[in-house]
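Undergrad: Next come a sequence and a model predicted from it.
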Amino acid sequence: MARVLVGVKRVIDYAVKIRVKPDKSGVVTEGVKHSMNPFDEIAVEEAVRMKEKKLAAEVIAVSCGPTQAQETLRTALAMGVDKAIHVEVTGKDLDTLQPIHVSKILAKLAQDEKADLVIVGKQAIDDDCNQTAQMTAALLDWPQGTFASKIEKGDGILTIVREIDGGLETVKVKTPAVLSADLRLNEPRYATLPNIMKAKKKPLKKLTPKDLGVEIKAHQEVVSVEDPPVRQAGSIVPDVDTLAAKLKEGGFA
Amino acid sequence: MQRIYSSSLQKINQISQKCWKSTSTRVELTQVRYPKLKRGNYSVISDKHISTFEKIIPGRVLTSATDDLESFNTDWLRTARGNSSVVLKPKSTEEVSEILKFCNQERLAVCPQGGNTGLVAGSVPVFDEVILNLSLMRKIESIDTASGVIVCEAGCILEELDNVLREKDLMMPLDLGAKGSCQIGGNVSTNAGGLRLLRYGSMHANTLGLIAVKADGTVVDALNCLKKDNTGYALHHLFVGSEGTLGVVTKVAIQCPRVPQAVSLMFLGLSDFASVMETTQRAKGFLGEILSSCELMDLECADAVVQNMKLKLPLERMPFYMLLETSGSNAAHDEEKLNAFLEAVMNQGLVMDGTVITEPSRLKAVWHLRECIAEALLRDGYVYKYDVTLPAQKFYDLVPFFNDKLKEAGALRCCAFGHLGDGNVHFNVTSTEFSYKLLGLIEPSIYEWTSKHRGSISAEHGIGLKKRDFLKFSKTAEAIEMMRDIKQVMDPNGILNPYKVLPAI
């Protein structure tokens, strides 16, 4: 049976209104509500379902970030994950943390924990990078099934249906493999009370990137972060003829 | 129990697929459905009237000759449709004043209208009353962050006000399912209740002052922004809750609370009503000062939401669900209180299962499950909607009292949900189409039952047209007489929202 490693990221909750810092160095995160990246929730749900179907023996959740990342890991534990690993990254290191570093960390942990499967969300809703799964697979030299909307386990083989621009693509990958979860893979469960209580007793290990031999070296510099342009107000036209004329003017008709 | 539920589920599923279509057909005219109603001695709209209106509010007079007035004439619940041929859309208090002065002189009946989300047919005409729609009065005049007072025009939409306030760390003191469409003038005029009355109080408490226009066009400036002002009679309270029958509210001053730092929502599943009551008591004990909402929904409501709105519940199917929300200034403190409460109710077997939510995205999603019940039930076809306040132990008793009788007579669902913390239950019955038979089995029986148990026949929905004949079940004859006296003083010609609130003489 497989051992599954799931990567989860703590991001600003998608219902929160994002504010850019006055110095344009980034967005305001202080005192702002965070939650688990929605695609990572889907990844956790898939891993837990595998365990429930007895396709996986153990599910381990990993998160790289500050102390609060432990809250995110507790949520994963409450969803049914067996144990959690918090790779502590704070301060300046947190500002420079990029998917390349996270993939190195995940790759090392996959080897240390003898994982057969690494599942992450397809992308984080804060940076929209969509790189971690792909880079982790490359570092491990494992096959990848990204944008997975369906996963079927066979004998040493996984059949993945991928959501791509043109439609759906079905690929077969040999395990061990790295997968990334897309929106339609499943609908994550709500963590219910008995499980929330149990989660408090599940093991949560703390490590640093150094423990894993990974250096958080800055590869890029954020020059500025700005608000998108304000949406221009529309205009109300008196009748259909004016509307048709305006559309023609704008080259839309 | 399980068998009954699954067979009626099947039946409901089959029928609701077919009857969603029936909600898009025209609603029967109120004057046809309620033939006993007699049109008052008002003038009939003429071209001369229309041209005067055009002079007062040029370009904002809608007539049935050139415009589709169906949505203005029909209530949200699709149970009432008036026959008005004119909709007026003023932009200022002065315009409202001129319009009413003229209507009073000409003895033209007027139906004031905001978001038209009322549930007792109070915001639509019965016959051909002129519809005075305040949707264009949407200015926010001021927000005082120090005192938390907002002054704005009556046509401002509740949710929009809340969004603007949140930028300043304030929020509206009320929250209801209709927030995306309802207007503050209507909320004030109906003394709207909602999900957070438990914590922030009623519109009477939060409306510091207002400007209203009397039937004869006189502008009553009772716009006060001060928390404390005992200078004579509190005139604004006359208009709060009078449902547009004593004056048209055009501007309001509302006391707004600060946005809480920490909000948590618990969605709990329980097996019987005794557990619900016990859990409510525990909640008040463990969570007291941080409790901001205490709501209930039963399994039939949950099934309607799942089937008709295609949503998913956080828990499995259970007889009762409670939503408990806490709002506090310190997340860590609140978490401690919540954990103590949950441990207690789980260990004592009061709660079968539940989930705790703190993420804003999830909070919206789970609240939506409760807030969309009205719409979910509406999609069955026709809803018989009741809103009563009852003593705590009797909160759910209406369902067992009516269920078998009504299901035999063809009802699809017979369910209850509501503001558990306030003792305010929304008892609802659905059928595929309107049925006089079902109506007759429910009314006046439900009002007699409520009166017998010393409850209120209308907790927050108001009286409107639908409940005027039952006012006597909650108010004495003397009280109703005094209401008539006040109405006579404020509106001698009876032009403001006739046929509403007070019983027919």
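TA: Nice, I can see it. Fair warning: this is a prediction, and the values are worked out from it, not measured in the lab. Numbering: from 1, shown residues only, chains lettered A, B, ... in the order given.
Undergrad: Once you drop chain neighbours, what's closest to the closest residue to chain B within the stretch 51-200 of chain A?
TA: In the stretch 51-200 of chain A, the residue that lies nearest chain B is A:Tyr190 (3.7 Å; C-beta to the nearest C-beta). To be clear about C-beta, it is placed using only N, CA and C from the backbone, and glycine gets the same treatment. Leaving aside its chain neighbours, A:Tyr190 sits nearest to B:Pro314 (3.7 Å; criterion: C-beta to C-beta, 6 or more residues apart in numbering or on different chains).
Undergrad: before we move on, what about B:Lys284?
TA: Excluding the flanking residues, the one nearest B:Lys284 by C-beta to C-beta, 6+ apart is B:Leu291, at 6.6 Å.
Undergrad: Assign B:Ile150 to helix, strand or coil.
TA: Judged by DSSP: H, G, I helix; E, B strand; the rest coil, the three-state class of B:Ile150 is strand.
Undergrad: since we're on it, how many residues are nearby?
TA: 26 (other C-beta atoms under 10 Å in any protein chain shown).
Undergrad: Same check on A:Glu30?
TA: Look at A:Glu30: counted by other C-beta under 10 Å, it has 5 neighbours.
Undergrad: residues contacting B:Val44?
TA: B:Asp128 (C-beta atoms under 8 Å, 6 or more residues apart in numbering or on different chains).
Undergrad: quick check, it in a helix?
TA: No: remark: B:Val44 does not belong to a helix; assigned using three-state DSSP, it is coil.
Undergrad: ok, so what distance separates A:His76 from B:Ala262?
TA: Check again: residue A:76 is Ala, not His. 22 Å (C-beta to C-beta, to the nearest Å).
Undergrad: the more surrounded of these two?
TA: Legend: neighbour count by other C-beta under 10 Å for A:Ala76 and B:Ala262, higher for A:Ala76 (30 against 18).
Undergrad: wouldn't that one be in contact with A:Met36 here?
TA: Yes: counting by C-beta atoms under 8 Å, A:Met36 is a contact partner of A:Ala76 at 7.1 Å.
Undergrad: Quickly list what's touching both of these two.
TA: Listed as contacting both A:Ala76 and A:Met36 by C-beta under 8 Å, 6+ apart are A:8, A:44.
Undergrad: about what we covered before: tell me, how many residues neighbour the residue nearest to A:Tyr190?
TA: 20.
Undergrad: Would you mind naming what in the stretch 101-250 of chain A lies close to chain B?
TA: A:187, A:190-194, A:196-197 (C-beta under 8 Å from any C-beta of the partner chain).
Undergrad: Would you check which pair of those lies furthest apart?
TA: Greatest spacing in those, by C-beta to C-beta: A:Glu187 and A:Met197 (23.5 Å).
Undergrad: quick one, which of these two is more surrounded?
TA: Under the criterion of other C-beta under 10 Å, the comparison of A:Glu187 against A:Met197 puts A:Met197 first, with 14 against 10.
Undergrad: For the more buried one, which residues are in contact?
TA: With contact taken as C-beta under 8 Å, 6+ apart, A:Met197 is in contact with B:343, B:346.
Undergrad: Relative to B:Glu343, how far out is it?
TA: Going from A:Met197 to B:Glu343 by C-beta to C-beta gives 8 Å.
Undergrad: what touches both of the two?
TA: By C-beta under 8 Å, 6+ apart, no residue touches both A:Met197 and B:Glu343.
Undergrad: What is the burial count for the residue of the stretch 51-200 of chain A closest to chain B?
TA: 21.
Undergrad: shouldn't it be in contact with B:Lys312?
TA: No: judged on C-beta under 8 Å, A:Tyr190 makes no contact with B:Lys312 at a distance of 9.2 Å.
Undergrad: Would you list the phi and psi of A:Asp93?
TA: phi -60, psi -40 (degrees, to the nearest 10).
Undergrad: Contacts only, for the nearest residue to it once chain neighbours are set aside.
TA: Nearest residue to A:Asp93, sequence neighbours excluded (C-beta to C-beta, 6+ apart): A:Ile216, at 4.4 Å. Neighbouring residues of A:Ile216 by C-beta under 8 Å, 6+ apart: A:89, A:93, A:96-97, A:101, A:209.
Undergrad: Doesn't A:Ile216 belong to a strand?
TA: No: with three-state DSSP as the criterion, A:Ile216 is located in coil rather than a strand.
Undergrad: Would you list the phi and psi of it?
TA: Backbone torsions of A:Ile216, given as degrees, to the nearest 10, read phi -90, psi 80.
Undergrad: Which pLDDT value belongs to it?
TA: On pLDDT, A:Ile216 comes in at 92.
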